[in-house]
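Peer 1: the following block contains a protein sequence and its predicted model.
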Amino acid sequence: MIGFADETFIDVSAGSGGDGAVSFRREKYVPFGGPDRGDGGTGGSVIFIVRTNLKTLSHLKRKRVYKAEKGHQGEGSRRHGRDGKDTEIPVPPGTLIKDPVTGEIIKDLTGVERFIFDKGGKGGLGNYHFSTARKQTPRYAQKGKSKEEKRLHIELAIIADIGLVGLPNAGKSSLLNALTNANPKIGSYPFTTKIPNLGVMNTSGGDFIIADIPGIIEGASTGAGMGFKFLKHISRTKALIFLIDLDSSDSNDVFKILYKELEEYTPDLVKRTRIVLGTKSDLDVDELNLKELRESLPGEKVVGVSVYTREGLKELENIFLGIIGE
């Protein structure tokens with residue numbers, strides 16, 4: 001069984017054009033019937049279709065080869081050969097089509113509904129096109145344009161307005177559940193979230209998407225844990241929320257770990273708008289831990305929230321609205 005998949009390789013090929021063909025009219029009282037073979041049909045195209053109901057590339061792991069139909073050969077009486085059928089490849093929003101060798105992005109499908117990657121080959125001309133006054137019975141026709149198979153690297157970078165980052169068990173899934181309709185499965189053990197979860201937060205000022213990125217640990221930017229695999233999914237977020245457990249004794253160190261891993265992965269990430277969110281504020285009864293966190297992070301906006309009591313969630317919603325409206 002294939003679970004969450006955010007990258008894969010597929011082989012695609014547009015259909016070659018159908019060949020033009022050679023034939024001649026056979027009519028009573030017309031002893032030298034002229035050429036009458038039609039043109040070959042155009043080959044089918046390879047088309048990417050963006051489907052909002054798709055969340056992963058798992059289906060492309062199951063089917064890796066996509067071939068459009070070849071155009072049909074031309075027919076007599078100058079009838080055009082039938083065009084080949086297109087092949088459509090469904091992908092989720094945020095999909096990137098990349099060169100498998102250079103890594104260069106061929107097409108970013110963000111905001112795109114339909115993209116023709118490769119058009120089918122043009123059909124060849126039938127022999128009637130080659131008739132002249134001097135050569136009235138041409139016995140040759142044009143071949144259809146051939147198409148070659150191409151390998152593509154397909155990668156998914158989730159699109160979200162707000163990205164939630166934090167160490168395992170920082171409370172990201174619980175917060176996402178409290179703010180949106182995501183309803184992620186939540187457990188009480190490390191690496192609870194095995195895939196990025198998305199949720200839509202509905203507010204009076206509009207709707208926006210929040211992504212819960214699986215736990216980042218120290219060394220994630222170089223491949224430790226699962227953080228490296230999913231860090232790319234916060235590359236498109238407008239703002240990042242650093243979740244830090246107020247019930248932890250090393251909250252300041254946690255911020256440094258998160259900041260360092262994001263910076264080493266892509267320096268641009270730490271330049272995004274960010275909020276430091278002290279979670280489980282209901283356990284910090286006298287707010288001493290929240291105060292200490294604020295003092296240790298001068299210049300950072302630090303907010304305390306509790307999913308259990310819903311304390312601070314309204315303030316957080318207003319902060320989000322301010323960020324998205326910028």
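Peer 2: Here it is on my side, so go on.
Peer 1: please make it C-alpha for all contacts and neighbour counts, starting now.
Peer 2: Fine.
Peer 1: show me the strands in the stretch 101-250 of the chain, by range?
Peer 2: 105-108, 114-118, 150-156, 162-166, 197-203, 206-212, 239-245 (DSSP state E, counting those that start in this stretch).
Peer 1: among those, which is nearest residue 94?
Peer 2: Residue 94 lies closest to strand 150-156 among the strands of the stretch 101-250 of the chain, at 5.8 Å (Cα to Cα).
Peer 1: so the longest helix anywhere in the chain versus strand 162-166, what angle?
Peer 2: Criterion DSSP state H: the longest helix present in the chain is helix 251-265. Going by axes from the mean of the first three to the mean of the last three Cα atoms, to 10 degrees, helix 251-265 is angled at 120 degrees with respect to strand 162-166.
Peer 1: next, the buried residues of the very next helix or strand once past helix 251-265.
Peer 2: Using DSSP states H and E, the helix or strand that follows helix 251-265 in sequence is strand 273-279. Using 16 or more other Cα atoms under 10 Å as the test for burial, strand 273-279 gives 274, 275, 276, 277, 278, 279.
Peer 1: next, the contact list for the first one, please.
Peer 2: Contacts were defined as Cα atoms under 8 Å, 6 or more residues apart in numbering; by that measure residue 274 touches 239, 240, 241, 242, 301.
Peer 1: hmm, residue 279 and the third one touching each other?
Peer 2: Looking back up the chat, that one is residue 241. No - in this structure, residue 241 is not within contact of residue 279 by Cα atoms under 8 Å, at 11.3 Å.
Peer 1: center of the chain - which residue?
Peer 2: When Cα atoms, centre = their mean is applied to the chain, the residue found nearest the centroid is residue 95 (2.0 Å).
Peer 1: residue contacts, the nearest residue to it once chain neighbours are set aside?
Peer 2: Leaving out its chain neighbours, the residue that sits closest to residue 95 by Cα to Cα, 6 or more residues apart in numbering is residue 156, at 4.5 Å. Taking Cα under 8 Å, 6+ apart, we find residue 156 in contact with 6, 7, 56, 57, 92, 94, 95, 96, 233.
Peer 1: looking at the residues you listed, which are in strands?
Peer 2: Among the contacts of residue 156, the residues falling in strands (DSSP state E) are 7, 95, 96.
Peer 1: just say helix, strand or coil for residue 291.
Peer 2: helix (DSSP: H, G, I helix; E, B strand; the rest coil).
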